[in-house]
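Enquirer: Pasted the sequence and its predicted model underneath.
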Amino acid sequence: MMTDQWITDYTMWLRKQYHVESLPDGDEVTTPFTNSLGDNIQLFMIPSTKDGEFLLTDEGNTINDLELLGINMNNDTRSELLSSIVQQYQVSLDKEGVLSVSGPIKNFPVLKQHLLQAVLRIDDLSQTRKGVVSNIFRQEVGDYLSKNEFEVLPNYPIQGRTGNPYHIDYAIGGTESKPLRLIQVVPRPSFDRVAAESVTFDDIKKNEALNSHRITYTIIFNDETSKVSKSAYNIASRYGTEIVPWSDKKQLFNLR
């Protein structure tokens, strides 16, 4: 297997997909990740008034785009979900709906990762525009795991070899016979999202502190509303990431 080379190739490809444009007040960073509208997610790098620090923001685009889709973000349940995501990824949210992170330049990789993960998770709330909010996909998965007595640890924090911190939706502890099982709930697994999750898995696997652990990484997706492309399956296979459709309860149950 040429996994290391494939990872290097993907990392180089990913870097080329980022585009930076200088603006009067800072830099516009266009990422290769797309939102519910099919647009590339953009972040904005703004110099801080403090030396050696920066401000990275979405300029309110994430929540504004959801509202363009007719999603009422003032709904009590969505507001609770939004607050939970913001707290989980340690991202600031102001009264205008702007998401941001700030800190020393040396912490840019970690803080950028936090903001991008938060944007992707909040964008997933677009799935609530169909059906009753209480039955949104993530909650359904959580209910299933609970009812079937999966001994999961929600919002599981873990670090990769690069030092990047990650929050995994659910983790099931490893035993002598079973690996540490990391589970991400991704309602709409685009190629970009699957690739990003796979790189996350690779970073976690290479953390020397976890060398003694066998680890699996599973994406659960909503196959009632979404399909996974062949290219997404291919890159997942290269990294060892498992993709499980929500309808395949037998395969889901085997994660226990």
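Expert: Happy to help now that I have it.
Enquirer: And this protein, split by domain according to the record?
Expert: For the chain, the TED database gives the domain ranges 2-128, 130-254.
Enquirer: Mind checking the pLDDT average for the longest one?
Expert: The average of the pLDDT scores along domain 2-128 is 87.
Enquirer: How far off centre is it?
Expert: The chain centre lies 11 Å from the centre of domain 2-128; the measure is Cα atoms, centre = their mean, to the nearest Å.
Enquirer: With adjacent residues omitted, what lies nearest to residue 121?
Expert: residue 85 (4.8 Å; Cβ to Cβ, 6 or more residues apart in numbering). The C-beta positions use only the backbone N, C-alpha and C, and glycine is treated the same way.
Enquirer: For residue 167, see how far away the one you found is.
Expert: Here the criterion is Cβ to Cβ, to the nearest Å. By it, residue 85 lies 10 Å from residue 167.
Enquirer: go on, residue 215?
Expert: Distance from residue 215 to residue 167, by Cβ to Cβ: 16 Å.
Enquirer: Kindly report the same for residue 240.
Expert: 20 Å.
Enquirer: Out of these two, name the residue with the larger neighbour count.
Expert: With neighbours defined as other Cβ atoms under 10 Å, residue 240 and residue 167 compare such that residue 167 has more, 18 against 15.
Enquirer: Quick check: mean pLDDT of the helix or strand containing that one?
Expert: Taking DSSP states H and E as the definition, residue 167 sits inside strand 165-172. In this model, strand 165-172 has a mean pLDDT of 92.
Enquirer: Show me how far it is from its chain's centre.
Expert: The answer for strand 165-172 is 10 Å, by Cα atoms, centre = their mean.
Enquirer: partners of that strand, with directions?
Expert: strand 152-159 (antiparallel), strand 180-185 (antiparallel) (DSSP bridges).
Enquirer: So which bits of the longest one are buried?
Expert: Read it as strand 152-159. Residues of strand 152-159 classed as buried under the neighbour-count rule (16 or more other Cβ atoms under 10 Å) are 152, 156, 158.
Enquirer: Tell me the bridge partners for the closest residue to the first one other than its chain neighbours.
Expert: With Cβ to Cβ, 6+ apart as the measure, residue 170 is the residue that lies nearest to residue 152, at 4.2 Å, once sequence neighbours are left out. Legend: beta-bridge partners of residue 170 under DSSP bridges are residue 154, residue 183.
Enquirer: Any idea how many residues pack against residue 170?
Expert: 21.
Enquirer: Now do the contacts for it.
Expert: Neighbour list for residue 170: 145, 150, 152-154, 156, 182-183, 185 [criterion: Cβ atoms under 8 Å, 6 or more residues apart in numbering].
Enquirer: Between these, which sits nearest residue 105?
Expert: residue 156 (28.8 Å; Cβ to Cβ).
Enquirer: Excluding chain neighbours, what is closest to that closest one?
Expert: Nearest one to residue 156, counting by Cβ to Cβ, 6+ apart, is residue 171 at 3.6 Å.
Enquirer: Could you report the distance from that neighbour to residue 87?
Expert: 18 Å.
Enquirer: who has more neighbours, these two?
Expert: Using other Cβ under 10 Å as the criterion, residue 171 and residue 87 rank with residue 171 on top: 19 against 12.
Enquirer: Who are the contact partners of the more buried one?
Expert: Per Cβ under 8 Å, 6+ apart, neighbours of residue 171: 152-153, 156, 158, 180-183.
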